[in-house]
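Trainee: Below are the sequence and a predicted model; questions follow.
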Amino acid sequence: MATDDQAVSGVVLTFFSTASAVGKTLLSCNMASELARQGATVVLCDLDLQFGDICNYLHLSPDQTIADAQESMKRMGSSFDIRECLTPYMYEDTVFQVLAAPHGLDEAYNIETDSVKKIINELRMIYNYVIIDTTSMFSNVNMMLLDLSTIVTFLGVVDFIPTIKNMKIGATLLSQLNYKDKVRLVLNRS
């Protein structure tokens, strides 16, 4: 982990889709694990704010979530340290940090886009990689995350007509928004 005098400016890898149940969470967990196994400093952020599953997948019970981080950031100002709101994941020689999704829907609705942006920018200055698992929609938070991302992995499956339609709409919009240079299309379970 970087010290206070070593700013990192980490890579932001975002997993996004216009359909649910395509493998965003599984792939983001695996990406975080592999990068950490290779020696990089990694934080995995569950920004599927309403229905995040990263902690379930990793069998974690976080004390702090992004809702706590937002509250602490507002209360503490410049003395806020995002690392106090992270939950460590450890398995054998693989170690990385997790920023958990809110515990409840009421907290999810109160997460502000500007707070998320500040938190992600703070994490970029500490970790080599910031891995982000998103919800399946073009929300304000997701649009901001797409802007901040170094690479966007756009996942889809080709087994259900509405999913294919939504993928096409999503891919067209990403291209219109000039994200095409950072978007990587992954057809999962093809």
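Mentor: Alright, I've got the coordinates. Given the structure is predicted, the values throughout are model-derived calculations rather than measurements. Residues are numbered from 1 along each chain as shown.
Trainee: pLDDT wise, what is Phe160 at?
Mentor: Per-residue confidence (pLDDT) for Phe160: 69.
Trainee: same deal with Leu155?
Mentor: So Leu155 comes in at 84 (pLDDT).
Trainee: Could I get the phi/psi values of it?
Mentor: phi -100, psi 150 (degrees, to the nearest 10).
Trainee: Report the residue spans of this structure with pLDDT below the cut-off.
Mentor: 1-8, 160, 190 (pLDDT under 70).
Trainee: Mind naming the longest helix for it?
Mentor: For the chain, the longest helix by residue count, based on DSSP state H, is helix 161-176.
Trainee: Alpha carbons of stretch 138-153, as PDB, please.
Mentor: Extracted C-alpha coordinates of stretch 138-153, given in PDB (Å, rounded to 0.1, in the frame of the first residue of the first chain):
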ATOM      1  CA  PHE A 138     -27.200   3.800 -16.800                       C
ATOM      2  CA  SER A 139     -27.600   5.600 -13.400                       C
ATOM      3  CA  ASN A 140     -25.900   8.800 -12.500                       C
ATOM      4  CA  VAL A 141     -23.400   6.900 -10.400                       C
ATOM      5  CA  ASN A 142     -22.700   4.400 -13.200                       C
ATOM      6  CA  MET A 143     -22.200   7.300 -15.800                       C
ATOM      7  CA  MET A 144     -19.700   9.000 -13.500                       C
ATOM      8  CA  LEU A 145     -17.900   5.600 -13.000                       C
ATOM      9  CA  LEU A 146     -17.700   5.100 -16.800                       C
ATOM     10  CA  ASP A 147     -16.100   8.600 -17.000                       C
ATOM     11  CA  LEU A 148     -13.500   7.700 -14.300                       C
ATOM     12  CA  SER A 149     -12.700   4.200 -15.600                       C
ATOM     13  CA  THR A 150      -9.500   3.300 -17.400                       C
ATOM     14  CA  ILE A 151     -11.200   0.200 -18.800                       C
ATOM     15  CA  VAL A 152     -14.800  -0.800 -18.900                       C
ATOM     16  CA  THR A 153     -15.600  -4.500 -19.300                       C
END
